[in-house]
Structure formats: structure tokens, C-alpha cells
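Visitor: okay, predicted coordinates and the sequence, questions at the end:
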Amino acid sequence: MLARPAHRLIAAAGLTALLAACSTSPMGRHQLAFYSNDELSQMGEQSFAQYQQELPTVGGKQANYVQCVAKAITAEIPASEGIGSWQVKVFKDDTANAFALPGGYIGVNTGLLDVATNQNQLAAVIGHEVGHVLAHHANERVSTQAATQTGLSVLQTAAGLSGAGGEQLMGLLGAGAQYGVILPFSRQQESEADLVGLDLMADAGFDPRVSIDLWQNMSASGGSEAPEWMSTHPSNAGRMEALRNRLDEAVPRYEAAKQNGRRPDCKA
């Protein structure tokens, strides 16, 4: 058995390590963050490459439309985030899904374009997904997973992205819903991404009020949903209420963006 002073030293060292690994989200929430931006970017790059191997990509008018909206959104990202450029792909899949990954990667499924019916609604989705990246939710989720697994096995997964291991990492980063292995973002993270994305779309010149329409469409297309207390995601009604409460801040940002010449015109 360790002597009591040794116990104290180990506890203090552990606390110091945890404090050093903490960061703060855009909404002021403390997060675990074990990994550097370079490490997360590498994970994002590898996951995006695997996603492209699994699903066909779409070009032409649909790709141009999605890239137009994504370009306007990502233009508002501070240079301090260290993402020089973003790769944007449209995947041929009927599910209404989209994702963004650390390092600058955005994927949108064709099925989403049936639900997000105009550029403002699509901007709400892309803004939300990019919001996860800006809020460092992937780092938080991978770090939390690592903290609960012996030997930080997530790093071992990152080293070999094939089969179930690769799908696990894709799930941790937020791109694995296609494979049924995604570890969902927490309700808190989803709510943060909603609000970060709302501000982001407003700064880019997209009407943030239309985000409410998007979630109404999502609700209509998704059928019945589990009660909020049973889900890791906020209920659609809860999301819409939180977004409405944020409009007093987001709408003035939208008006200021228009005055500054940000008037995207992306054609579906």
C-alpha cells in the first residue's frame, strides 16, 4: 500500500493533468481536451477519406450549391482556428445527414437537400455541424472516451483506420451515423452547436429565423420522436425554443452582415 504522502502526490499529479487538459467551449463550458489540433486534424482527414471510400460522391449542380453555402459559412471562421481551407463533398445517400470534421472537412448527404429546402435552411445545418468543430466537441468526445479506456485505446484506433476500428473513430468524430456506430453528441453539445451555428449563419448573411423552419421540416420528416429525457439529443421543440431565444442576438448580426455586403445567393 502506498504511504499517504504518495497518495497525495499521485492525486495532485492527476488533478494537474486534468486541469492542463481542460478547455472552454464558446458557451463557457469546461471541456476535456487531451489532443492537439494537429492530432484531431489527422483523425478528421483519415475519417473523411474512409467516408469517401464507403459512399459515392455527387458533383454538378448539387455539389456547387452545397459548396456555395459552405464557403459562405466557413469564411466567417476566425483564422485563430488554424483551418486554412475546407473540403466539401456531397454524398449520394437518402438519409438527411451532414457532418463536419476537425481539420476542415464537410459532408452533406443528398437526402438532406430534401429536408433543407433553401440556402438558409442548408446554412443552418452546415452552421450547426461546423459549430461542433468550433466548439471542439470531437476533442471532448475522443478525450472522454480515452479517459474511460485503459491505455488510451482511442489513439490505437486512430493509428489503424480499417474495419470496425475506423468506424469507431468516425463515430467519435461525428461522421459515423451511416454505420450505426456513432456515439451521439451529448444533448449539451448539440445545444451548443445549435447556438454557435445560428450565430455563424447570421454572420455569413443567412437569415437565422429560417432555422426554425428547418427544425419544423426535420420534425415533419422524422415522424414521432422519443421524449427529450430519453434522448441524447434535444427534442425538436426544445431546439426550436432555444433558437427562438437566441434570435434577439442573431438577427442583429444578420442585419449587420447584410449591411457589410454579405448577401449569399446560392442556387439549389
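Guide: Good, I have the coordinates.

Visitor: count of neighbours near Pro56?
Guide: 10 (other Cβ atoms under 10 Å). Every C-beta, even on glycine, is put in place using the N, C-alpha and C of the backbone.

Visitor: my guess is it contacts Phe91. True?
Guide: Yes - if you go by Cβ atoms under 8 Å, Pro56 and Phe91 touch, sitting 7.1 Å apart.

Visitor: low-confidence ranges, the protein, go.
Guide: 1-32, 146-185, 222-236 (pLDDT under 70).

Visitor: what segments of it are helices?
Guide: For the chain, the helices defined by DSSP state H cover 4-20, 37-54, 60-74, 119-134, 137-147, 153-159, 163-173, 187-203, 210-222, 236-259.

Visitor: could I get those helices as CSV with distance to Phe99 and mean neighbour count?
Guide: CSV is the format used below for the helices of the chain (distance: least, Cβ to Cβ, whole Å; neighbours: other Cβ atoms under 10 Å):
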stretch, distance to Phe99, mean neighbour count
helix 4-20, 29, 10
helix 37-54, 8, 18
helix 60-74, 12, 19
helix 119-134, 6, 26
helix 137-147, 10, 22
helix 153-159, 17, 17
helix 163-173, 8, 21
helix 187-203, 11, 23
helix 210-222, 16, 17
helix 236-259, 18, 16
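
Visitor: of all the ones you listed, which one is nearest Thr95?
Guide: Shortest distance between Thr95 and those, using Cβ to Cβ, is found for helix 210-222: 10.7 Å.

Visitor: could you tell me the angle between the closest one and helix 187-203?
Guide: Helix 210-222 and helix 187-203 are oriented at 130 degrees to each other (axes from the mean of the first three to the mean of the last three Cα atoms, to 10 degrees).
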